[in-house]
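*Asks:* Turn this into a structure:
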Amino acid sequence: MTALANEGADFDRLASIAGRLEAEYRRVSDEAWVESPFAWIRSQASRRRGKIGEQIVERWCLAAGLQVRSSPDSDCDLLVVGHRAEVKFSTRWENDQYVFQQLRDQNYEFAICLGVSPFEASLWAVPKEVLQAQPE
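*Replies:* Coordinates of the predicted model:
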């Protein structure tokens, strides 16, 4: 088995192919986001996107006059008006849906789910009992 070094014809060929693919993917997925105030978030790593979502929710709550504090433990993200809240963030996926991942069974009362599209945003506060309910 041969490893490709950072130079040479094989590496150059792979880099060229990757560059063309990147252009194709960007054209398809980024057109709708070109002038969006949220476009920059999509270029961030997944974990960082989650943190940015938390910060947006926290600052939105504060701007709305709600009392917000950081959680004293890792079982929730924020205390909003004294209630334990888990924050989840999603940009719109290619199928026009939001996907809120890793909703674990931790010590929170509700999840605040923030979904952003290029020029729309939706925010839901969902009680933990609803999240854990089994579909019939």
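
*Asks:* from here on, contacts and neighbour counts on C-alpha atoms
*Replies:* Will do.

*Asks:* This protein: helices as residue ranges?
*Replies:* Listed in chain order, the helices of the chain (DSSP state H) span 9-30, 39-42, 46-63, 128-132.

*Asks:* Need the contact partners of the third one.
*Replies:* Residues lying outside helix 46-63 but in contact with it, judged by Cα atoms under 8 Å, 6 or more residues apart in numbering, are 41-42, 67-68, 77-78, 80, 87-89, 114.

*Asks:* let's go with 6 Å and repeat that
*Replies:* The contact list for helix 46-63 (Cα atoms under 6 Å, 6 or more residues apart in numbering) reads 87, 89.

*Asks:* Name the residues of it that are buried.
*Replies:* 49-50, 53-54, 57-58 (16 or more other Cα atoms under 10 Å).

*Asks:* Make TSV out of the helices of the chain and add mean pLDDT and distance to D96.
*Replies:* Output for the helices of the chain, formatted as TSV (pLDDT from 0 to 100; distance: least, Cα to Cα, whole Å):
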stretch	mean pLDDT	distance to D96
helix 9-30	71	12
helix 39-42	90	15
helix 46-63	94	18
helix 128-132	91	21
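
*Asks:* Rebuild those helices as a markdown table, extending it with distance to F110.
*Replies:* Output for the helices of the chain, formatted as a markdown table (distance: least, Cα to Cα, whole Å):
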| stretch | distance to F110 |
| --- | --- |
| helix 9-30 | 32 |
| helix 39-42 | 24 |
| helix 46-63 | 14 |
| helix 128-132 | 5 |
